[in-house]
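A.B. asks: Need a 3D model of the sequence below.
(one chain, ligands or ions: 2)
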Amino acid sequence: MTHPPRKIIIDTDPGQDDAVAILLALASPEDLEVLGICAVAGNVPLPLTERNTRIVCELAGKPDVRVFAGCDRPLERPLVTAEHVHGKTGLDGPQLADPTMPLQDQHAVDFIIETLRREPAHTVTLCPLGPLTNIATAMQRAPDIIPRIGQIVLMGGAYFEVGNITPAAEFNIYVDPHAADIVFKSGVSLVVLPLDVTHKALTNRARIEAFRALGTEPGRMVAEWTDFFERFDMAKYGSEGAPLHDPCVIAYLIDPSLFEGRHINVEIEVQSELTMGMTVADWWGVTDRPANALFIGGIDADRFFALLTDRIGRL
Ligand code: RIB
Ligand code: CA
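C.D. replies: Numbers count the residues shown, from 1 in each chain. Ligands and ions are numbered 1, 2, ... in the order given. You can find the predicted model right below:
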């Protein structure tokens, strides 16, 4: 018996890996109904993340997807960006023309609130791929939507893999730790894809050439984005390739059997500057703090890349 496609809202800060995640979602209509895509400040400032989001929708041949601009800074802290990883535009690698599809007038937070109030309770999944500012702002502004959210499946955090922006914290959580604290304490069913799993979803020459061999514009773009994106992680970690962080969120929604994890307590450091934004994951159950997240640690990387290449080959 086939299930109807899962209704999702993607919240994103493109970023090359966000772009691949958006392509994967838009290439999977039998699994996912993308109600809208919300841009947030993160890898690069908001004017760029909303522009990049529209570029990716047009690349996917889906200019009718509704794209919304959201929050341009974290709840309390100054914005920290990651041009050192993603380049000045956030999508460095290939040359990209400006988008022509429209940006929606409505603010992303209002779109999230309106959609959750309209759609039947528990039928919408939120998929944050960047800092959690838009999600937390919606929860603060309209607490009535919290029990209506079906699930939040997010890329963020780290435990065994430790931090990538500070020794203790992963970028998405670090940029807006107060927003993350709100989301992780919200009581909403959470699936967290941290660096512990995304650092096992590494590109390599063969995997990048498989995208290029698709012979399509999306395939070429993904190859050029990952060629650019991987230089930072390879230099820093000495790894064979770049971690495709954000596509793990979408792949989890399409085929959760690709992943494994534990239902544990995860809390966010918001007091100490030294460990600000750390996801304190009780992986070994040494506290009696209630489990609030499915924290993913394992992936079948070969099957993940096979799914990714097959689906992007559809565009
Ligand atoms: O730490 C990795 C995360 O930060 C990814 O979502 C990447 O796009 C950046 O937003
Ligand atoms: Ca991202």
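A.B. asks: Strands of the protein, start to end?
C.D. replies: For the chain, the strands defined by DSSP state E cover 6-12, 32-39, 67-69, 124-128, 149-155, 190-193, 259-264, 266-268, 279-281, 293-299.
A.B. asks: Output the ones you listed as TSV; include the columns mean neighbour count, mean pLDDT and distance to ligand 2.
C.D. replies: For every residue, glycine as well, the C-beta is placed using N, CA and C. Formatted as TSV, the strands of the chain follow (neighbours: other Cβ atoms under 10 Å; pLDDT from 0 to 100; distance: least, Cβ to the ion, whole Å):
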stretch	mean neighbour count	mean pLDDT	distance to ligand 2
strand 6-12	25	99	6
strand 32-39	23	98	11
strand 67-69	25	98	15
strand 124-128	25	99	9
strand 149-155	23	99	6
strand 190-193	24	98	11
strand 259-264	17	98	18
strand 266-268	22	98	17
strand 279-281	22	98	16
strand 293-299	21	98	16
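A.B. asks: Among those strands, which comes closest to H107?
C.D. replies: strand 67-69 (6.8 Å; Cβ to Cβ).
A.B. asks: counting contacts, what elements does the closest one pack onto?
C.D. replies: strand 32-39, helix 46-59, helix 108-118 (3 or more Cβ pairs under 8 Å, 6 or more residues apart in numbering; DSSP states H and E).
A.B. asks: The ones you listed: which one's closest to A213?
C.D. replies: By Cβ to Cβ (comparing all of the helices and strands packed on strand 67-69), the closest turns out to be helix 46-59, at 17.8 Å.
A.B. asks: near ligand 2 at all, the closest one?
C.D. replies: No. Against ligand 2, helix 46-59 shows no contacts by Cβ under 5 Å from the ion, the least distance being 8.9 Å.
A.B. asks: what comes into contact with that helix?
C.D. replies: 12-15, 18-19, 22-23, 26, 37, 39-44, 63, 65, 67-72, 89-91, 96-101, 103, 130, 217-218, 221, 315 (Cβ atoms under 8 Å, 6 or more residues apart in numbering).
A.B. asks: In helices only, show me the residues you listed.
C.D. replies: 18-19, 22-23, 26, 217-218, 221 (DSSP state H).
A.B. asks: Can you check which of the strands of the chain gets nearest to ligand 1?
C.D. replies: Checking the strands of the chain against ligand 1 by Cβ to the nearest ligand atom gives strand 149-155 as the closest, at 4.8 Å.
A.B. asks: In its sheet, which strands sit next to that closest one, and in what direction?
C.D. replies: strand 124-128 (parallel), strand 190-193 (parallel) (DSSP bridges).
A.B. asks: Number of residues surrounding whatever residue of the stretch 101-250 of the chain ends up closest to ligand 1?
C.D. replies: For the stretch 101-250 of the chain and ligand 1, the shortest gap (Cβ to the nearest ligand atom) falls at F171, measuring 3.7 Å. The burial count assigned to F171 is 26, neighbours taken as other Cβ atoms under 10 Å.
A.B. asks: do the same with L103
C.D. replies: 16.
A.B. asks: go on, P290?
C.D. replies: 9.
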